[in-house]
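K.L.:
could you look at this predicted model? Sequence included:
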Amino acid sequence: MRVEDVPQEGNATLDGQRKAMYAVDNDGRIALVPSRGWEAEELVTSAAVEHFEELASAALQRVRSGTAGALEYFMYVRRLDPPTLARAAGVWRWRLKRHLREPFARIPEPLQQRYAEVLGVPRKQLLEFRPDIAA
Amino acid sequence: MGAIDFQHQQSAHCESGVVAGLLRGQGCPLTEAMVFGLASALAFAYLGIVKINEMPLISYRMPPRFILRRLRKLLRLPLRVESFATPQAGERRLDELVARGTLVGLQSSVYFLPYIPVNMRFHFNAHNLLVYGREDDEYLISDPVFEAPTRSSVPELTRARFARGVLAPRGLLYYLDGPIVPTDVRRLIPGALKKECRTMLQPLLPFVGVRGIRMLARKVHKVARTAPPEFAQRFVGHVVRMQEEIGTGGGGFRFLYGAFLQEAGTLLGNPSLQELALQMVGMGDLWRDFAYDAARMSKGRLALDGALLSDQLNNIAEREAALFRAVRAAALV
């Protein structure tokens, strides 16, 4: 890549930040050049963000119909998936699976606290989550 | 508490940037590229059994902390590494070191760092940054992948340092304790080059190095042919994300390694290394061409063509095999 080819496309996911890239200048020297990002990166980053948003809104539907609990919804809001959450909370995966399905209040209290910490959502908010008024 | 006089410098990759920063802080300036190259940190690995959001882990460099360990050994650095059982202990120790005027490197999660753009926050626990001071309730941070020094509140940084899950940092911090014994890096370059070539050209494991790139080519082809289209698109998008966004990227690492080859060629007076440096940059361009096509396919802007993508990858594999063989030959001179 030459210095003048370093992408400056203004990747929205970078939020105005610039990343450093090495590129070849006119003297053939490889130097550090700030880049505003490029389309490929923006496409896949926003796709990954959207994927979690879709999962969260599908989970919200399930919370409304009573087939899932608040935990599943907030897990996806926090961009976590079940294996990652299970590992972070120190819970077996099959146990987490059950906790995702049932109302948050049914989960044993010490575990409620652990989930709340991992998610960074106050336990009270998880307990009192009202899917009908959530975004 | 104050801050030490530290010159922030942006870099392409967090770990090499942090190590270069630590060395700079001790009056031993090595470029990021030299740090990366001496560590022989370029790699490729396709780890199908390690899943991230149901997708395989694809890595373009050696595992986290490899650069740190490698340079400690090569330069005989007086490096201290500590991790902690509780966030309280970790926070206390960091404050202690910062108060003493020590430049401290930290491993942390990306997700909880307040200065990272919201859309880039994912649960990746092996980010590296430097703390060079504290002002009231904020740490002064030099995060090498950002343009300027930045800040984080104490609780937010502590949370990022003690994020749980895969590669949990456990508050890991590291610093140089004492002066560095000067080493002639020229003596270390040939060995570092050979080691790099060994990693990329190794014949044993089918998922590492050039063989790993070929494996990725096969997987992409297979997924595009057999998986449901929605999954195939996500898979291809994931490959690009692992390559271009998480950390420096497959293309980015080639550019960085090219910079190292050029510097090494200059230091050793070896023109063939300088020539190979430009070829290495050309490899980065091929990786980016691949990423460009794959990203558009993953978004449905281009019809998904597994054969085309796997041809691109096989082409890259073939050229890299030749290139690293040439590097090995040039290193022996």
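P.N.:
That came in fine, so what should we check first?

K.L.:
where does residue B:80 fall, secondary structure wise?
P.N.:
strand B:79-82 (DSSP states H and E).

K.L.:
got phi/psi on the residue nearest the centre of chain A?
P.N.:
Nearest to the geometric centre of chain A sits residue A:79, at 2.1 Å (Cα atoms, centre = their mean). Dihedral pair for residue A:79: phi 60, psi 40, per degrees, to the nearest 10.

K.L.:
out of everything not next to it in sequence, what's closest to it?
P.N.:
Of all residues not flanking residue A:79 in the chain, residue A:52 sits nearest, at 4.9 Å (Cβ to Cβ, 6 or more residues apart in numbering or on different chains). Every residue, glycine included, has its C-beta placed from N, CA and C.

K.L.:
next helix or strand past whichever strand or helix holds the one you found?
P.N.:
Following DSSP H and E, one finds residue A:52 within helix A:39-65. Going down the chain from helix A:39-65, the next helix or strand is helix A:70-77, by DSSP H and E.

K.L.:
determine how far that next one lies from the middle of the whole chain.
P.N.:
Chain-centre distance of helix A:70-77: 10 Å, with Cα atoms, centre = their mean, to the nearest Å.

K.L.:
send the alpha carbons of it over as PDB?
P.N.:
Provided in PDB are the C-alpha atoms of helix A:70-77 (Å, rounded to 0.1, in the frame of the first residue of the first chain):
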ATOM      1  CA  ALA A  70     -34.600 -10.700  31.100                       C
ATOM      2  CA  LEU A  71     -31.200 -12.300  31.300                       C
ATOM      3  CA  GLU A  72     -31.300 -13.400  27.600                       C
ATOM      4  CA  TYR A  73     -32.300  -9.900  26.400                       C
ATOM      5  CA  PHE A  74     -29.600  -8.100  28.400                       C
ATOM      6  CA  MET A  75     -27.000 -10.700  27.400                       C
ATOM      7  CA  TYR A  76     -27.400  -9.700  23.800                       C
ATOM      8  CA  VAL A  77     -27.700  -6.000  24.600                       C
END
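
K.L.:
got the confidence number for residue 64?
P.N.:
Assuming you mean chain A. Among the per-residue scores, residue A:64 holds a pLDDT of 92.

K.L.:
wrong one, I was asking about chain B
P.N.:
At residue B:64, the model reports a pLDDT of 90.

K.L.:
dump the residue contacts of it.
P.N.:
Listed by Cβ atoms under 8 Å, 6 or more residues apart in numbering or on different chains, the contact partners of residue B:64 are B:15, B:107, B:126, B:128, B:167.

K.L.:
what sits against the nearest residue to residue B:127 once chain neighbours are set aside?
P.N.:
For residue B:127, ignoring the flanking residues on the chain, the nearest one in space by Cβ to Cβ, 6+ apart is residue B:110 at 4.8 Å. Neighbour list for residue B:110: B:116, B:120, B:121, B:122, B:123, B:124, B:125, B:127, B:160 [criterion: Cβ under 8 Å, 6+ apart].

K.L.:
which one of those residues sits closest to residue B:138?
P.N.:
residue B:160 (13.7 Å; Cβ to Cβ).

K.L.:
could I get the CA-only coordinates of the helix or strand hosting residue B:20 as PDB?
P.N.:
Using DSSP H and E, the element containing residue B:20 is helix B:14-25. The C-alpha coordinates for helix B:14-25 follow below in PDB (Å, rounded to 0.1, in the frame of the first residue of the first chain):
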ATOM      1  CA  CYS B  14      -1.500  -2.700  20.700                       C
ATOM      2  CA  GLU B  15       1.100  -5.100  22.100                       C
ATOM      3  CA  SER B  16       4.100  -4.100  20.000                       C
ATOM      4  CA  GLY B  17       3.100  -0.500  20.600                       C
ATOM      5  CA  VAL B  18       3.000  -1.000  24.400                       C
ATOM      6  CA  VAL B  19       6.300  -2.800  24.500                       C
ATOM      7  CA  ALA B  20       7.900  -0.100  22.300                       C
ATOM      8  CA  GLY B  21       6.400   2.500  24.700                       C
ATOM      9  CA  LEU B  22       7.800   0.800  27.800                       C
ATOM     10  CA  LEU B  23      11.300   0.700  26.100                       C
ATOM     11  CA  ARG B  24      11.000   4.300  25.100                       C
ATOM     12  CA  GLY B  25      10.100   5.200  28.700                       C
END
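
K.L.:
cool, thanks, signing off.
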